[in-house]
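K.L.:
let me see the structure of the following:
(2 chains)
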Amino acid sequence: MSAFPVTRHSIVAAMRSTRPDERRSAFDSLVTAYWKPVFKYVRLKWHASPDDAADLTQGFFLRAFEKDFFAAFDPSRARFRTYLRTCLDGFVANARKADARLKRGGGVTLISIDFGEAERELGLQAANAVDDFDAYFHREWLRSLFASAADRLRHACAARGCADRFAVFEQYDLAADEIDRPTYAELARRLGLSPTDVTNELAAARREFRRLVLETLREQCATDEEFEAESRTLTG
Amino acid sequence: MISEPALDRLSAMFQRPDVTGTRYELISVLGRGGMGVVYLARDTVLDREVALKIVDRPPDEAHEANEARILARLEHPGIVPVHDFGQLPDGRLFYAMKRVRGDRLDRWMASGRDLADRLGVFLRVCEAVAFAHAHGVVHRDLKPENVMVGEFGEVLVLDWGVAQLRIEDCGVRIGEREPRIGEDDARIGHSIVGTPAYMAPEQERGDPAVDHRADVFALGAMLEAIADAVPVAAIARKARSEDPAARYQTVQALAMDVRRFLDGRAVEAHRERVVDRLARVGRRYRLPILLVLTYLVVRVLLLWLVRV
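P.N.:
Okay, here's the model as predicted:
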């Protein structure tokens, strides 16, 4: 049994709660954090069609919820992300063997997931062959983590009446391409701010974004030690 | 959707700490050491370059300020000085140190130095480490990569990130210890830290009784890498004894033996054969021996000439 202190806000720890509503809520958060990396991973590693991958993703989370896969996670043995991917590989391999589409959860909707969006993202990503699926899953998880923190930042800025802060961050740091990326002066003109305001807002947004990423990460880790290791991976 | 360029940008942002609100601007990464990353930074107030170490550990860890506090206590020309200490907006701690220009000892040695120069640098490392020991600090990660040889010949021991303050070694009794400086985090104090090739067996085992003799062991391993002359190898072997009691009991004793070798005297760690002793004495007293021999030859010649 692990002697590590349990992170207070960990959704992985909440998966072991005795209260069903708490467990369900933690599970929903976990699906939100991981469904895209799972879907894309199944599409590419297992060469699944979009429909099949959507079906397998739903089926995987459904089975995980029914069988309490994630509650069995032992943080002293692996990172949660690695554990989830191992469970996923096992699930897809078994599902492929059984070839029992309906049993995999076909047609059953656990939570509302827009697989079309993930498919569009896959289309936008470079069509390079993936040879390291571990690294690929990590990168997709990171994308999902950053997207989630950016979303939280957007809501936080809107709630505090500082939409400019998010706008600066979105147009500068989240710009899709280097070519689309404005200069500070262009941003200032676009948003009707002074260049100094742009610098200050960007610094504040980055600070807040960093905090939100770490907060989101902390929720996804089972223990403080796992969080420490994950945040070290992030900070290099 | 976070695009590929945006993902790379955000990842890079995370790799590069936010130093807003401090007097520093990050320039580049100098290296990674125990517990953190060291950046080359500019102190915008004094307009000078510094080495800025950002500690990885989260702020609620008792250990995180250990290195800065330990270093701040150690004012010695062979120990890199700490200029400043503070906290980043994300909560991580940093400290600014003198930026040392020069070469790491391993690279410096690779550029072909003679034995006396190499041993001279080694003795300077010993002086710095002995000073730290006198203040109750054990480095615990001594290796050539943690020694800088400066442009002007200065020798500095770096990376005190896993150093440990041995309260009993600095004459402070437990009940009297200073509340923060002396706090030795049990996890750090008793955990396995260091670099395997230079790590003493007791350190490798995670033995809580690790003391300054672990540094004697590491210095022995360094000495082995520095020189392969027979007496020096014997000194290194003694310093690297498995049993701490069989090693030199202090860094000064180790340094003394190296000095004996440099002075052409017999070293404590090596029993010489008669022929080796004669050769060494011959080398050490070459000039007086030559003078005496010359005198004797001239004397014999003179006697012979007088008789003839």
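K.L.:
all helices of the chain, in order?
P.N.:
Just so you know, I chose chain A. Along chain A, the stretches classed as helices by DSSP state H are A:11-14, A:20-45, A:50-67, A:80-98, A:115-124, A:133-159, A:163-172, A:184-191, A:195-220, A:224-235.
K.L.:
the intended chain is chain B.
P.N.:
Listed in chain order, the helices found in chain B under DSSP H are B:4-15, B:66-73, B:105-110, B:115-134, B:186-190, B:201-204, B:213-226, B:230-239, B:251-262, B:274-284, B:286-307.
K.L.:
identify each buried residue in the shortest one, please.
P.N.:
Read that as helix B:201-204. Judged by neighbour count (16 or more other CB atoms under 10 Å in any protein chain shown), helix B:201-204 contains these buried residues: B:Glu202, B:Gln203. Every C-beta, even on glycine, is put in place using the N, C-alpha and C of the backbone.
K.L.:
then the third one?
P.N.:
Of the residues in helix B:105-110, those buried under the neighbour-count criterion (16+ other CB under 10 Å) are B:Leu105, B:Trp108, B:Met109.
K.L.:
so which one among those has the lowest pLDDT?
P.N.:
Comparing pLDDT over the buried residues of helix B:105-110 singles out B:Met109 as the least confident position, at 87.
K.L.:
leaving out chain neighbours, which residue sits closest to that residue?
P.N.:
Computed as CB to CB, 6 or more residues apart in numbering or on different chains, the closest residue to B:Met109 that is not its neighbour in sequence is B:Arg118, at 6.1 Å.
K.L.:
for the helices of chain A, give me CSV that also has distance to chain B and mean pLDDT.
P.N.:
Output for the helices of chain A, formatted as CSV (distance: least, CB to the nearest CB, whole Å; pLDDT from 0 to 100):
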stretch, distance to chain B, mean pLDDT
helix A:11-14, 18, 79
helix A:20-45, 10, 87
helix A:50-67, 16, 89
helix A:80-98, 16, 88
helix A:115-124, 5, 79
helix A:133-159, 5, 92
helix A:163-172, 9, 94
helix A:184-191, 15, 92
helix A:195-220, 5, 87
helix A:224-235, 5, 78
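K.L.:
so which of those helices is nearest B:Pro231?
P.N.:
Among the helices of chain A, the nearest to B:Pro231 by CB to CB is helix A:224-235 (44.5 Å).
K.L.:
CA atoms only for that closest one, dumped as PDB, please.
P.N.:
Listed next in PDB are the C-alpha coordinates belonging to helix A:224-235 (Å, rounded to 0.1, in the frame of the first residue of the first chain):
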ATOM      1  CA  ASP A 224       2.000  14.500  -4.700                       C
ATOM      2  CA  GLU A 225       4.900  12.500  -5.800                       C
ATOM      3  CA  GLU A 226       3.300  11.700  -9.200                       C
ATOM      4  CA  PHE A 227       2.400  15.400  -9.500                       C
ATOM      5  CA  GLU A 228       6.000  16.400  -8.800                       C
ATOM      6  CA  ALA A 229       7.300  14.000 -11.400                       C
ATOM      7  CA  GLU A 230       4.800  15.100 -14.000                       C
ATOM      8  CA  SER A 231       5.400  18.800 -13.400                       C
ATOM      9  CA  ARG A 232       9.200  18.100 -13.700                       C
ATOM     10  CA  THR A 233       8.500  16.600 -17.100                       C
ATOM     11  CA  LEU A 234       6.600  19.700 -18.100                       C
ATOM     12  CA  THR A 235       9.200  22.100 -16.800                       C
END
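K.L.:
for the spatially most distant residue from the centre of chain A, give its distance to B:Val50.
P.N.:
Residue farthest from the centre of chain A, counting by CA atoms, centre = their mean, is A:Ser194 at 34.7 Å. Distance, A:Ser194 to B:Val50, using CB to CB, to the nearest Å: 31 Å.
K.L.:
same deal with B:Ser3?
P.N.:
B:Ser3 sits 36 Å away from B:Val50, taking CB to CB as the criterion.
K.L.:
more neighbours: the two, which one.
P.N.:
For the pair B:Ser3 and B:Val50, the greater number of neighbours falls to B:Val50 (22 against 17), based on other CB atoms under 10 Å in any protein chain shown.
K.L.:
mind checking pLDDT for B:His76?
P.N.:
According to the predicted model, the pLDDT of B:His76 comes to 92.
K.L.:
burial of the residue nearest to the residue farthest from the centre of chain A when sequence neighbours are not counted, as a residue count?
P.N.:
Nearest residue to A:Ser194 in three dimensions, chain neighbours excluded: A:Ala188, at 6.0 Å (CB to CB, 6+ apart). Other residues lying near A:Ala188 total 19 when counted by other CB under 10 Å.
K.L.:
ok, the one 5 residues further on next?
P.N.:
Taking other CB under 10 Å as the neighbour definition, A:Leu193 ends up with a count of 18.
K.L.:
now do the contacts for it.
P.N.:
Contacts here follow CB atoms under 8 Å, 6 or more residues apart in numbering or on different chains; on that basis A:Leu193 touches A:Asp164, A:Val168, A:Leu187, A:Glu201.
K.L.:
of the helices of chain A, which is nearest B:Ser28?
P.N.:
Of the helices of chain A, the one closest to B:Ser28 (CB to CB) turns out to be helix A:224-235, at 16.3 Å.
K.L.:
how far off centre is the closest one?
P.N.:
Between the centre of helix A:224-235 and the centre of its chain there are 16 Å (CA atoms, centre = their mean, to the nearest Å).
K.L.:
quick one, it and helix B:4-15 angle?
P.N.:
Per axes from the mean of the first three to the mean of the last three CA atoms, to 10 degrees, the angle that helix A:224-235 makes with helix B:4-15 is 120 degrees.
K.L.:
can you mark which positions in helix A:224-235 are buried?
P.N.:
Counting neighbours by 16+ other CB under 10 Å, one finds that the buried residues in helix A:224-235 are A:Asp224, A:Glu226, A:Phe227, A:Glu228, A:Glu230, A:Ser231, A:Leu234, A:Thr235.
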